[in-house]
Structure formats: structure tokens, C-alpha cells
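1. sharing a model prediction with you, sequence too.
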Amino acid sequence: MLEGLEDIGFKEDEDFVVQYPVKEAGRMYILDFAFPEEKIDIECDGRYWHKLRSKKDKERDEFLRSKGWCVLRFNDKEIKENLEEVLETIKSKVMELRSKL
């Protein structure tokens with residue numbers, strides 16, 4: 001995913017951050033990839049971990065959304081088989097939110 005984001009023109013630590021900590025209201029979450037300025041959280045879910053954490057993921061996503069974050073989740077199959085589509089979804093969301101800043 002990192003290389004894909006860079007390939008479509010985004011720069012690490014300038015546009016997005018890997019393993020970005022969000023600390024709010026006594027909670028802390030580490031986002032897989034974040035566009036902090038636009039408040040976009042990109043989560044890359046493996047099948048094993050996603051099955052174990054689906055309820056916690058839902059609570060986490062709801063909390064982040066309540067704080068103004070847009071949460072985009074992609075599973076490992078989507079990333080492996082449709083990386084271009086995943087990257088286009090991310091790019092579209094970033095551009096949409098940047099146009100509102």
C-alpha cells in the first residue's frame with residue numbers, strides 16, 4: 001500500500017503518515033495509514049485479524065467518525081487483487097476532502 005500511495009503522487013510524512021497515533025477522549029488508536037489534514041484513516045485488514053476484532057473495529061470506526069474522521073477499510077484480498085481500484089478510491093476521497101478545506 002505504501003508504494004502504491006507514493007506511485008499515485010502522495011508523499012509519506014507530507015501527505016500521509018504510516019502508523020499514525022490518534023489520542024482523543026482518553027482513547028488511543030494507531031491508524032494503519034492516515035491523511036491527518038483531511039482526517040482520513042485507511043485500514044488494511046487481514047482476514048485473520050479482522051475476524052478476531054470485527055466488533056472492536058466497528059466501535060473504533062464509530063468513535064473515529066464521531067471525531068470527524070473518514071474511515072476507509074480494505075481487506076487483504078481487495079488490496080492484492082484490486083490495488084488500482086483501492087488507490088483510486090483513496091485518491092478520490094483525498095481530493096474530495098481537500099476541495100472542502
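-> Received it, and whenever you're ready, just let me know what you need.

2. measure the residue nearest the centre of the chain to Tyr20 for me?
-> In the chain, the centroid-proximal residue (Cα atoms, centre = their mean) is Ile42; its distance is 0.9 Å. Separation of Ile42 from Tyr20 (Cβ to Cβ, to the nearest Å): 10 Å. C-beta: built from backbone N, CA, C; applies to glycine.

3. touching both of these two, which residues are there?
-> Leu31, Phe33, Ala34 (Cβ atoms under 8 Å, 6 or more residues apart in numbering).

4. picking that back up, hmm, Ile90 and the residue nearest to the centre of the chain touching each other?
-> Yes - with contact defined as Cβ atoms under 8 Å, Ile42 reaches Ile90; the gap is 6.2 Å.

5. overlap of the contact sets of those two?
-> Common neighbours of Ile42 and Ile90 (Cβ under 8 Å, 6+ apart) are Leu72.

6. show me what the helix or strand harbouring the residue nearest to the centre of the chain pairs with in its sheet, parallel or antiparallel.
-> Take DSSP states H and E as the rule and Ile42 turns out to sit in strand 40-45. Here strand 40-45 has these sheet partners by DSSP bridges: strand 27-35 (antiparallel), strand 70-75 (parallel).

7. could you dump the ones you listed to TSV with mean pLDDT?
-> As requested, the strands paired with strand 40-45 are exported to TSV (pLDDT from 0 to 100):
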stretch	mean pLDDT
strand 27-35	96
strand 70-75	95
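
8. now render those as CSV, adding distance to Glu62 and mean neighbour count.
-> Shown next, in CSV, are those (distance: least, Cβ to Cβ, whole Å; neighbours: other Cβ atoms under 10 Å):
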stretch, distance to Glu62, mean neighbour count
strand 27-35, 12, 17
strand 70-75, 9, 17
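
9. how about CSV for the ones you listed, with distance to Phe16 added?
-> Below are the strands paired with strand 40-45 laid out as CSV (distance: least, Cβ to Cβ, whole Å):
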stretch, distance to Phe16
strand 27-35, 5
strand 70-75, 12
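
10. bridging residues for the residue lying closest to the residue nearest to the centre of the chain once chain neighbours are set aside?
-> Leaving out its chain neighbours, the residue that sits closest to Ile42 by Cβ to Cβ, 6 or more residues apart in numbering is Phe33, at 4.0 Å. Per DSSP bridges, the residues bridged to Phe33 are Val18, Ile42.
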